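Engineer: Dropping a prediction and its sequence here:
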Amino acid sequence: MKVLVTGASGMLGGGVARALAARGDEVTVLQRRPAGLGFREVLGDVADESAVREAAAGQDAVVHLAAKVNVVGLEADYVRANVVGTRNVLAACSTHGVQRLVQVSSPSVAHAGSSLVGAPAGPADPATARGPYARTKAQSELEALAADGAGEVPLAVVAVRPHVVWGPGDTQLVERIVERGRAGRLPLLGTGAALIDTTYVDNAVDALVAALDRALEVHGEAFVVSNGEPRPVGEIFGDFCAAAGVPRPRRHVPAGLAVAAGDVVERVWALRHRDGVGQPPLTRFLAEQLSTAHWFDQRRTREALRWIPEVSIAEGLERLAAHYRR
Amino acid sequence: MTTPGEQPVEGLPGLDPRWSRFLTVPDASGEARRWHVLDNGVEPTEGTLLCVHGNPTWSYLWRRFLSEAAPGWRVVAVDQLGMGWSTRRAPARRLDDRVDDLGRLTEALGITGRTVLAAHDWGGLVGLGWVLEHREQVAGVVLTNTAVFQPLDQPFSALIRLARNPALRQLVCVQTPTFVRGAAALSRPPLDREVRRALAGPYADPSERAAIGDFVADVPLERDHPSRAAMERVAEGVRGLDVPALVLWGGRDPVFTDLHLHDLLDRLPHADVHRYGRASHLVTEDVPETATTAWRWIGEKVSTDGPETFERPAQQVDRTAIWAPITARATESGSAPAVVELHDGVVSTTSFAELEQGITDLALGLSDFGVRRGDRVAVLVTPGVGLTTAVFACWRVGAVVVVADAGLGVRGMAHALRSARPDHVIGIPKAVAALDALRVPGRRVVAGHLPAPLGLALRHPATVASLTARGAVLREHGTQLPSLGDTDEDVAVFFTSGATGPAKGVVYRAAQLQGQVARLAGLYAGDRDDAWVAAFPLFSLYGPAMGTAAAVPDMDPTRAGTLTAAALADAAAAVDGRVVFASPAALRNVVATAAALTDGQRASLARVRVLMSAGAPVPVGLLRRVQELVPNADLHTPYGMTEVLPVADITLPGIEAAGQGDGVCVGCPVPGVTIRLAPLDALGRATGELTTTAGVTGEILVEADHRKQRYDRLWATERASSRDAGHHRTGDVGHLDDEGRLWVEGRLVHVLSTADGPLTPVGVEQRVETLPEVVSAAVVGVGPAGTQQVVVVVVPAAAVSVRRPLAAGELAAAVRGVAGVEVAAVLAVPRLPVDIRHNSKIDRAAVSAWASQVLSGQRAGRLA
């Protein structure tokens, strides 16, 4: 199969490209800067329609990961990267008669801020999603799923929402936690007991590959992907620190205070950093994420994708520790 | 006939707007009246369920009876004239008018053919009035908190009497929504806000509430009330109503009380009853599953495919067999001790001859007092000769003894006794005084030698002593006790401990009780000359029933933990007791006080041949320490429950041979018992085909003749527990092993439903409790059924923070290391909530609710 992977410079995108190539698929990658993966590479922005059209030419399938994932920034930048980018991918698929599209999304597209306990995937809703990232991802997922079955050669769209992906080389989550832990600036929100789902990166990669393979059978649906082993947020963060040889966090901050503080920080930051460069230490979104439960019912995902996570949390932590020992 | 252009009632929780319809029907005066009804519009191939609400509710009350309707059943719930969404223009209506109105409405609706009535509150009188006029089509009645009769000499609810005062009536019922809101406010826990709004919806404005006042005014409390004759006609008519009847009753209704329930059952003695002790007036709101229960009942008792009966058929039985051993020993060795009581160093011995005469005299006295065959007599007497005499005297006259363990506490006991509704109470002065305050019915007979408080003595002049004296006179005049014949009848209502939910009354018939005594004797009694030491109330009764002496040690019978090693030894010495019965709580204190034993006392205990302990799990460590005190005894821990006892039995060596496993090994089934398992499905429900295959986990079912007859006034519970012919569903889960031993893995309601299938908690808890840093553990699930996550809540040996229940990383890792299953979270608490009675059964429901709160990120309150 000829597959285009957008956003291959990230941990997850790079993993998907390598996994597809390893089993014999012909991989093309699209991102802004060279990823150094050794595959056919198209350099460009997903918001650039012509670059996307060029990359998609002759492909059987697209795995669309490219997105703006930071937690703050200008709304317009999110729209450009996430909504416009997805529209370009959909248009290119239509132009070139691509048959399969795996739209990589996020559980936050269906999350209105309350705790999620064994929750099903639920429909994406830009109106209630929290923050510009979740809002634009919700919009792009809706548009992608709306394109399911469209075109002369029908396009099969599957949306996959991996929840909190982590692993060796992760700069988004693990690095930040470990850095804060090392500096002694990693408090636990509330009791630190809120149960959250996470996904070891190799499992997320396998799930995206499975979604690509199963697209013709299960298209038109969104699936949350996780390890299916929720852990108290304080414990899993502590485990990340321990794997990196950093002391586990001990300090607690009341959850309500953190949410309020995050809100203030977010507003002040947005005023001062209109260019959208850099990240604030705490946002309301993050504070909510880290002080309320969110874990998911994985039964439908596993059945539909015929996929199960191969790497347990315990095994993943050992691999993380090995990575830090190097 | 439906009036076009009227808005269907919609937007209310649980109500399908397609049910809502209006129609116009002329009343007796010829005036057209507009009605609103809920009608599922089904072609009634099976029949029609006609639902009639009371005051001040409306047809909304019956929404679940519509949504859960069985196939082929039309369901019509009416709004009475002036109420709900029916017309407000009709003039005030009397009971007769309303019965007539309903008849004209059902005719207009074409309700012919088989019909079942469901009614609530004053809808009961109206609906039953309709039933009596349509007797040929009525196939059953379902009654919920209603009444058909109010005696003139009995005070009716102060609330209603107050509301009937003409001036107040306008204020309370019409001008203000007090009465409307009050009806919905009785529910505990409070009704959902949306439901309360829906119920009050038609009565928002004073102009819409006129009929509520009129309805209250039509309650015929006075002899000359215009509706009194109509009420009495219905009330008398109901006596002849021989159709199947189901009564679903909320026990916490200040208006329709247990007096009304009793009156209904008096008129409909064949009725099936389920009394929900904690539900209020709006029983169908407080207990939503009443709709399911009603349909199940209709399916069994009314539907065309023939009624299915789950009631055990009565057998023939020798009624005298239960007391024959006492009579026999009184004749052959009358001076031999029967009951020996120890109290403050004084040993009181009652011989078999004295016991026999005491029983006979009290029986004659009770009979003279008016205790009849089949009457219920609550016996609240301290274990010892007083209890033994009272219980056997009741059995002699064919009465049903009601026994609730004092461990329930005064309120729990009063709750139990109100549901059992004794005709008579024999009780010690303290118990009688407490029950008076808690509205437990029944004529009182005061037991005991203590001078009764003056007021008590005035109110309840009958005493056990006076009745016994009267009985002695009757005996001397040659009065005989009536023969009971050989029909098997109810003889006892035993209440469950309430450790795993509200106490339930368990009804035994004579054959079942005799079977229980025989099985216990076969297991433990051995030789008749081996006297008993009974630190268990039940066994001080069963000793004499086997013709064996029983000693009652000096202890507070309401608190098992007050039994000391010395008291046990002294009781053994008093009768040369060889067989000991004591609860785990009692044994714990015996072990704790063993240091105070003298050499003589140790020698007495060394003569004990059998020691049996039951009621809660008995830890092996405790048994081993007990064994040191009774070195020559076989230690038994039988498995069983109030509903069937014994089920299985195991000895200490047996437990040690079984070793570690998934659950607690309770041994092999005793003779006469077959154990089967109902395997669990993916969601942890015991729905599988019954099996005896080793290794299959399921709900434990017991097939045995000595199981209960039924639960008392808990039709739905009884139906569920007896749905497999010949078996009792225990509510416990477990499995059989290759050697036929039963392992108990917990309660069915505590089974976790994970994505990998059901998981029973006890095996995991046992493995976690092997960690030296863990004192005790509870395993619970959080999240929706089918995808629950496993949470282990531990009491660590080290101190823990109440505010920060997340276990430290090392402890969590240790727990995960031994759990044997995937564990999402480990929480640490200072203590776990346990039942008061056994001080050992963990309240896993409370633990689960607390853990769910903590793990969703909410502030952690205190668990226990």
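Structural biologist: Perfect, I can see it now.
Engineer: only C-alpha atoms for contact and neighbour calcs from this point on.
Structural biologist: Will do.
Engineer: Pull the contacting residues for residue A:1.
Structural biologist: By C-alpha atoms under 8 Å, 6 or more residues apart in numbering or on different chains, the contact set of residue A:1 is A:25-26, A:59-61.
Engineer: 7 Å - rerun?
Structural biologist: For residue A:1, the contacting residues are A:25-26, A:60, by C-alpha atoms under 7 Å, 6 or more residues apart in numbering or on different chains.
Engineer: can you check residue B:131 too?
Structural biologist: Contacts for residue B:131 (C-alpha under 7 Å, 6+ apart) come out as residue B:138.
Engineer: Which strand or helix spans it?
Structural biologist: For residue B:131, the host element (DSSP states H and E) is helix B:123-133.
Engineer: taking the mean pLDDT, what do you get for that helix?
Structural biologist: Confidence for helix B:123-133, expressed as mean pLDDT, is 96.
Engineer: Tell me which helix or strand comes right after it.
Structural biologist: strand B:138-146.
Engineer: how distant is that following strand from the center of its chain?
Structural biologist: 22 Å (C-alpha atoms, centre = their mean, to the nearest Å).
Engineer: same for it, what does it pack against?
Structural biologist: Counting contacts by 3 or more C-alpha pairs under 7 Å, 6 or more residues apart in numbering or on different chains; DSSP states H and E, strand B:138-146 packs against strand B:115-121, helix B:123-133, strand B:245-250.
Engineer: Just the CA coordinates for that strand, please, in PDB.
Structural biologist: Presented in PDB, the C-alpha positions along strand B:138-146 are these (Å, rounded to 0.1, in the frame of the first residue of the first chain):
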ATOM      1  CA  VAL B 138     -61.500  -8.100  36.200                       C
ATOM      2  CA  ALA B 139     -58.600 -10.600  36.300                       C
ATOM      3  CA  GLY B 140     -56.400  -9.000  39.000                       C
ATOM      4  CA  VAL B 141     -55.700  -6.000  41.100                       C
ATOM      5  CA  VAL B 142     -52.400  -4.300  41.900                       C
ATOM      6  CA  LEU B 143     -52.700  -2.000  44.900                       C
ATOM      7  CA  THR B 144     -50.100   0.600  46.100                       C
ATOM      8  CA  ASN B 145     -50.400   2.500  49.400                       C
ATOM      9  CA  THR B 146     -54.100   2.800  49.500                       C
END
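Engineer: Direction included, what does it pair up with?
Structural biologist: strand B:115-121 (parallel), strand B:245-250 (parallel) (DSSP bridges).
Engineer: Residues of chain B that sit close to chain A?
Structural biologist: Residues of chain B lying close to chain A by C-alpha under 7 Å from any C-alpha of the partner chain are B:755, B:783-784, B:787, B:804, B:806, B:809, B:824-825, B:854-857.
Engineer: among the residues you listed, which two are most distant?
Structural biologist: The span of these, defined through C-alpha to C-alpha, is set by B:755 and B:804 at 28.4 Å.
Engineer: out of the two, which sits in the more crowded spot?
Structural biologist: The neighbour comparison of residue B:755 against residue B:804 (other C-alpha atoms under 10 Å in any protein chain shown) goes to residue B:804, with 20 against 17.
Engineer: quick revisit: pull out the buried members of the contacts of residue A:1.
Structural biologist: A:26, A:60 (16 or more other C-alpha atoms under 10 Å in any protein chain shown).
Engineer: Show me what from the stretch 101-250 of chain A comes close to chain B.
Structural biologist: So the stretch 101-250 of chain A meets chain B at A:115, A:117-118, A:191, A:193-195, A:229-232, A:235 (C-alpha under 7 Å from any C-alpha).
Engineer: repeat that for 10 Å
Structural biologist: Contact residues, the stretch 101-250 of chain A versus chain B (C-alpha under 10 Å from any C-alpha of the partner chain): A:114-119, A:189-197, A:228-236, A:238-239, A:242, A:248, A:250.
Engineer: Give me the buried entries from the residues you listed.
Structural biologist: The neighbour-count criterion (16+ other C-alpha under 10 Å) marks A:115-119, A:189-197, A:228-236, A:238-239, A:242, A:248 among those as buried.
Engineer: So, low pLDDT: which residues of the stretch 101-250 of chain B?
Structural biologist: Across the stretch 101-250 of chain B, nothing is flagged by pLDDT under 70.
Engineer: in it, which spans are helices?
Structural biologist: B:123-133, B:158-164, B:166-169, B:178-185, B:193-200, B:210-217, B:228-239 (DSSP state H, counting those that start in this stretch).
Engineer: ok now do residue 40, which residues does it touch?
Structural biologist: The chain I'm using is chain A. Neighbour list for residue A:40: A:4, A:26-30, A:55 [criterion: C-alpha atoms under 10 Å, 6 or more residues apart in numbering or on different chains].
Engineer: ah, no, chain B please
Structural biologist: B:16, B:18-21, B:66-67, B:69, B:73-77.
Engineer: can you pull the pLDDT of it?
Structural biologist: The model reports residue B:40 with a pLDDT of 96.
Engineer: thinking again about what came up before, can you lay out the strands paired with strand B:138-146 as a markdown table showing mean neighbour count?
Structural biologist: Formatted as a markdown table, these follow (neighbours: other C-alpha atoms under 10 Å in any protein chain shown):
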| stretch | mean neighbour count |
| --- | --- |
| strand B:115-121 | 26 |
| strand B:245-250 | 27 |
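Engineer: so where's the chain shaky on pLDDT?
Structural biologist: All of this refers to chain A. For chain A (pLDDT under 70), the answer is A:70-72, A:253-287.
Engineer: switch to chain B, that's the one I care about
Structural biologist: For chain B (pLDDT under 70), the answer is B:1-5, B:304-314, B:449-460, B:499-501, B:528, B:836-840.
Engineer: Specify the residue ranges that define each domain of it.
Structural biologist: B:17-151+B:227-301, B:158-217, B:319-552, B:646-707+B:723-749, B:751-855 (automatic domain parsing).
Engineer: With distance to residue A:204 as new columns, can those domains be given to me in a markdown table?
Structural biologist: Shown next, in a markdown table, are those (distance: least, C-alpha to C-alpha, whole Å):
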| stretch | distance to residue A:204 |
| --- | --- |
| domain B:17-151+B:227-301 | 43 |
| domain B:158-217 | 42 |
| domain B:319-552 | 44 |
| domain B:646-707+B:723-749 | 27 |
| domain B:751-855 | 19 |
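Engineer: Which helix or strand contains residue B:720?
Structural biologist: helix B:715-721.
Engineer: which element follows that helix toward the C-terminus?
Structural biologist: With elements assigned by DSSP H and E, the helix or strand that comes after helix B:715-721 is strand B:727-736.
Engineer: so how far is that following strand from its chain's centroid?
Structural biologist: Using C-alpha atoms, centre = their mean, the offset of strand B:727-736 from its chain centre is 19 Å.
Engineer: could you check the angle strand B:727-736 makes with the helix or strand that that strand is followed by?
Structural biologist: Downstream of strand B:727-736, the first helix or strand assigned by DSSP H and E is strand B:742-747. With axes from the mean of the first three to the mean of the last three C-alpha atoms, to 10 degrees applied, the angle from strand B:742-747 to strand B:727-736 works out at 110 degrees.
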